[in-house]
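[1] Pasting the sequence and the predicted coordinates here, then a few questions.
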Amino acid sequence: MGVLGILNSVNDAVANPDAAVIVTDTTKFDTTVTDMAWHLPARTSGSRIWDIPHNVASGDVTWYHFAMTGVRQEGADDGGMVKILDASDAEILWMRIVDGFLAFRLPGPVDSERISMTENPRLMRLDVKIDFGGAGITVTVYVEGSLTPSTSVTIASSAALTNPANFQIVHTDSDHIYISELYAADFDTRNTRPVRQNIDASGNHSEWQGDETDVNDDDVGTSILALAGDKSSFNVEAYPGPATPAGINRVVAKIVATKGASGPTDINPFVRVAGADDSAGNIGPSADPTQSTHYPEWSLNPDTGVGWVSADMDTTEIGVEAIA
């Protein structure tokens, strides 16, 4: 399946009493990767809960990658950070700040394990692997891509749960925390980061009703519409990522779609490179009024047949065709 969720928009959180809070202060995240962070404001009582659901892996393994910024050290108030839940909202993993440490808890026989945060006081990148492939559930936490006794821990549980489906931010008594670069996948996320490129202009195809302003505002209430066979494609903004990346793991399009009571039933996402369209294959969206999120991806540049490089992104269009 690949990418299960790119979770860097306020609309990725489902409705809740407090509403999701994001921050665009560029000191709180790496601007070469994203333009926002989830913000957990300082609180002395009460809590906020933001559910950020994602697609479910078809295999046994789910990975999460995210960056955490602005965490206080020893002497900080204790506070919740995240929970990872299955499709029935049963808790798989709980991560909490406790006396300057990051504590982990699984249901079942495992109570708690801790890793010190003192080595990365301002920003740390975490990769969390949840594996259902053994007799129990094995959770492995990597800090900055590494597994060492002082920064990571592996814990197992025999609790009867299913694959993760929800990254839940649970904020209780703690200092300000900022979470960015959040995405879920069924592959190893270590040493990868989701570089976000927004659509900025119409491309070679423009048959759908609507333009780039209707699909690039982080608002699922606006959209483009199509008849069967219509195709539209869009240029993306200049590549904003690190100047010399080791390589681009894959190109992923994030598509939120719904199908009507009549008309097209599927969509066929594609990339347009060097004057040719390369299809990812048909996808069946949810029926109106429900929206479904899809992540078609391309691991190789279809024009060159090899891995993507950053220069490719400046000339690639992202498109979609409506299928009867």
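    Perfect, I can see it now. For clarity, every value in this text was computed on a predicted model and none was experimentally measured.

[2] Please report phi then psi for the residue lying closest to residue 201 once chain neighbours are set aside.
    Distances taken as C-beta to C-beta, 6 or more residues apart in numbering put residue 235 closest to residue 201, at 4.4 Å, once the chain neighbours are dropped. (C-beta placed from N, C-alpha, C; glycine too.) In terms of degrees, to the nearest 10, the main-chain angles of residue 235 are phi -80, psi 150.

[3] go on, residue 215?
    Dihedral angles (degrees, to the nearest 10) for residue 215: phi -120, psi 10.

[4] Tell me who's in contact with the nearest residue to it once chain neighbours are set aside.
    Nearest residue to residue 215 in three dimensions, chain neighbours excluded: residue 224, at 5.7 Å (C-beta to C-beta, 6+ apart). By C-beta atoms under 8 Å, 6 or more residues apart in numbering, residue 224 lies in contact with 208, 209, 210, 211, 214, 215, 232.

[5] Neighbours of the residue nearest to residue 201, how many?
    Neighbours of residue 235 under the rule other C-beta atoms under 10 Å: 19.

[6] tally of neighbours for residue 280?
    Using other C-beta under 10 Å, residue 280 has 19 other residues around it.

[7] ditto for the one 10 residues further on
    Residue 290 sits with 9 neighbouring residues when counted by other C-beta under 10 Å.

[8] List the contacts of it.
    Going by C-beta under 8 Å, 6+ apart, residue 290 touches residue 258.

[9] which SSE is it in?
    Per DSSP states H and E: residue 290 is located in neither a helix nor a strand.

[10] CA atoms only for stretch 315-324, dumped as CSV, please.
    Provided in CSV are the C-alpha atoms of stretch 315-324 (Å, rounded to 0.1, in the frame of the first residue of the first chain):
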residue,chain,number,x,y,z
THR,A,315,8.7,20.0,-14.2
THR,A,316,6.2,17.3,-13.0
GLU,A,317,2.4,17.8,-13.1
ILE,A,318,0.0,16.0,-10.8
GLY,A,319,-3.3,15.1,-12.4
VAL,A,320,-6.5,13.0,-12.2
GLU,A,321,-8.9,11.5,-14.7
ALA,A,322,-12.6,10.7,-14.1
ILE,A,323,-13.5,7.2,-15.0
ALA,A,324,-17.0,5.9,-15.8
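
[11] Show residues contacting it.
    Stretch 315-324 is contacted by residues 199, 203-205, 208, 226-236, 251, 253, 255, 263-274, 277, 279, 282 when judged by C-beta under 8 Å, 6+ apart.

[12] Of all the residues in that stretch, which ones are buried?
    Using 16 or more other C-beta atoms under 10 Å as the test for burial, stretch 315-324 gives 316, 317, 318, 319, 320, 321, 322, 323.

[13] So for the last one, what's the nearest residue that isn't a sequence neighbour?
    Closest residue in space to residue 323, ignoring its immediate chain neighbours: residue 266 at 3.9 Å, by C-beta to C-beta, 6+ apart.

[14] now the strands for the stretch 1-150 of the chain?
    Secondary structure of the stretch 1-150 of the chain by DSSP state E, counting those that start in this stretch: the strands cover 3-6, 22-23, 37-40, 48-53, 61-69, 79-86, 91-98, 101-105, 113-116, 123-131, 137-143.

[15] ok, the residue nearest to residue 201 to residue 197 distance?
    The gap separating residue 235 from residue 197 is 10 Å, by C-beta to C-beta, to the nearest Å.
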